[in-house]
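S.K.: fold the following.
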Amino acid sequence: MAYHDEMVKVRRKLLEQYWPRVLPAVQRLMKQQNAPLTANQFEAVCLWLQQDFHMGQVDRAYLDLLIKNAEAEVLYGQTTRATFGRYVTVADCEDMTAPQFARVIHKLFEHFGYQVDPLDESGLILRAPMRPPILVGLEVHNIVIHQPVIDHVIQRQREHNMSHAILVTVGRFGEDIVLPPGTGTIELWDGDRLGALLDRVRLDPAVLLS
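M.R.: Numbers count the residues shown, from 1 in each chain. The predicted structure is shown next:
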């Protein structure tokens, strides 16, 4: 996960570096057609960045954010900056507050058919017919998760008398993690697993406002 984090940051810094050289042409195109970029035009911008600036893999979600900001300014006269791309990614989650992250995970589990009851900013309870409830612990602030976070989830699992828990994080789990015997089932979802699910489900950023 640490490698993934660094690569995301590098790609975004490169995109920020070269974007001012691309932006004027994008703005002119929007003015000429008086409309947002089409999907084909978006792909053309990606290709331009890859070929002319030797960027390799472009962070498409971040590019979409930059383009949406340009659209808001050129077409609608707005200067408020968007904060997310086409759908919520794990990279977006890394910059979220605890309530925002809880909202995203809430909607993610609803997508999979669960009834979701919030506990607080760091916990949810999942319910489904003919299944025991599941405790979900949330951790968005730490890149490396250590034993105290696991112990907190175990404590809450016991308080709510649940045999199954899931700890969801944007980071990775440290080598010191130990699951004591008799704690029931605890699934550890790191940032890579969460990222794969978010890429598959493609939650609309509007979930943060609902």
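S.K.: report the buried residues of the helix ranked longest in the chain.
M.R.: Looking across the chain with DSSP state H, the single longest helix is helix 2-33. Neighbour-count burial for helix 2-33 flags Asp5, Val8, Arg11, Arg12, Leu14, Leu15, Tyr18, Trp19, Val22, Val26, Leu29, Met30 (criterion: 16 or more other C-beta atoms under 10 Å). C-betas here are computed from N, CA, C, even on glycine.
S.K.: show me what that helix is packed up against.
M.R.: Here helix 2-33 touches helix 39-52, helix 60-76, helix 191-201, going by 3 or more C-beta pairs under 8 Å, 6 or more residues apart in numbering; DSSP states H and E.
S.K.: which element follows the second one toward the C-terminus?
M.R.: Reading on from helix 60-76 to the C-terminus, the next helix or strand found by DSSP states H and E is helix 90-93.
S.K.: per-residue confidence averaged over that following helix?
M.R.: Taken as a whole, helix 90-93 carries a mean pLDDT of 85.
S.K.: helices or strands up against that helix?
M.R.: helix 60-76, helix 191-201.
S.K.: go through these and pick out the most buried.
M.R.: Of those, the one with the most neighbours on average (mean count of other C-beta atoms under 10 Å) is helix 60-76, at a mean of 18.
S.K.: what mean pLDDT does that helix get?
M.R.: Helix 60-76 comes out at a mean pLDDT of 82.
S.K.: pull the distance from it to the chain's centre.
M.R.: The chain centroid and the centroid of helix 60-76 are separated by 19 Å under C-alpha atoms, centre = their mean, to the nearest Å.
S.K.: now do stretch 96-107
M.R.: Distance, stretch centre to chain centre, for stretch 96-107: 9 Å (C-alpha atoms, centre = their mean).
S.K.: how about low-confidence regions in the chain?
M.R.: The model of the chain has pLDDT under 70 over residues 1-6, 8, 78-86, 183, 208-210.
S.K.: domain boundaries for it, per the record?
M.R.: The chain breaks down into these domains under automatic domain parsing: 2-76, 90-202.
S.K.: Ala35 and Val74 touch, don't they?
M.R.: No - Ala35 is beyond contact range of Val74, at 10.2 Å (criterion: C-beta atoms under 8 Å).
S.K.: export the helices and strands packed on helix 90-93 to TSV and tack on distance to His146?
M.R.: Below are the helices and strands packed on helix 90-93 laid out as TSV (distance: least, C-beta to C-beta, whole Å):
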stretch	distance to His146
helix 60-76	29
helix 191-201	15
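S.K.: nearest to His106, out of those helices?
M.R.: Counting by C-beta to C-beta, His106 lies closest to helix 191-201 out of those; the figure is 12.7 Å.
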